[in-house]
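A.B. asks: Curious how this folds, go ahead:
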Amino acid sequence: MTVHGKLYRKAAEGHDPINRYQPHEALERVKTRAFAKFDETVDIVVRLGVDPRHADQIVRGTVVLPHGTGKKVRVLVITQGDKVKDAEAAGADFVGVEYIQKIKDGWLDVDAIVATPDVMGQLGPLGRVLGPRGLMPNPKAGTVSMDVTKAVRDIKAGKIEFRVDKTGNVHAPIGKVSFSVEQLEQNYTAFMDTIVRAKPSAAKGTYVRTVAVSSTMGPGYRIDPALYR
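C.D. replies: I've put the predicted structure just below:
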């Protein structure tokens, strides 16, 4: 049984975990019920009607949130030659093939990694380290590309990657409590539109089953999923 602290219990007063809200109202409640002394992240959890054990029902993709995530993202670009200058000009925090050795030595002080195709052969052995952390560059996510300028700028602008987990849920950050309700709602809409477009043809029955939003420390609020069914 989960034991919640006094501040959480106060924030959850009158909270109905069964009720389903419209997105604007749910996000407004998340904002007003946040109580931590730091700028909490606003998260979304979507339960999908898919069976991730089947490869043709995996839901994954990327979306650039209109207002970003509110988090400063540290980007590493592993590349060489002329692309080094392009990556630096685009705002990458770390650039160069020498970071492959640094990663092998245990360095992982980054939030996203972009690589050009010509260095992916050297990155392959690091899959066991980078994969579980969601850092392995992937062409489908746009993080393996010759256009490092676009890749870096998209990530800095608020591009996030999502993937359904083994229980059929997709988790993602859609902003911070300090965002306005309108900003959070626009990020929410962009995310949900992308989830719906990512529906596998093999998925049967109800696709979007439940949707909930919460802050890092606060209670969760269910959103009426009928809009996306």
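A.B. asks: Toward the C-terminus, what is the element adjacent to the helix or strand of the chain with the lowest mean pLDDT?
C.D. replies: Ranked by mean pLDDT, DSSP states H and E, the weakest helix or strand in the chain is helix 6-11, scoring a mean of 58. Downstream of helix 6-11, the first helix or strand assigned by DSSP states H and E is strand 20-21.
A.B. asks: Now for the spatially closest residue to T206 that is not a sequence neighbour: which residues touch it?
C.D. replies: Of all residues not flanking T206 in the chain, G49 sits nearest, at 4.8 Å (CB to CB, 6 or more residues apart in numbering). All C-beta atoms are positioned from the backbone trio N, CA, C, and that covers glycine. Contact criterion CB atoms under 8 Å, 6 or more residues apart in numbering gives G168, A203, K204, G205, T206, Y207, V208, R209 as the residues in contact with G49.
A.B. asks: counting contacts, what elements does the host helix or strand of F191 pack onto?
C.D. replies: F191 belongs to helix 181-197 when assigned by DSSP H and E. Helix 181-197 sits against helix 23-33, strand 41-48, strand 60-64, strand 159-163, strand 169-176, strand 208-215, with contacts defined as 3 or more CB pairs under 8 Å, 6 or more residues apart in numbering; DSSP states H and E.
A.B. asks: follow-up on the earlier one: just the buried members of the contacts of G49?
C.D. replies: Buried members of the contacts of G49, scored by 16 or more other CB atoms under 10 Å, are G168, A203, Y207, V208.
A.B. asks: Now the residue lying closest to V144 once chain neighbours are set aside: phi and psi?
C.D. replies: Distances taken as CB to CB, 6+ apart put P137 closest to V144, at 4.6 Å, once the chain neighbours are dropped. Main-chain torsions, P137, degrees, to the nearest 10: phi -60, psi 140.
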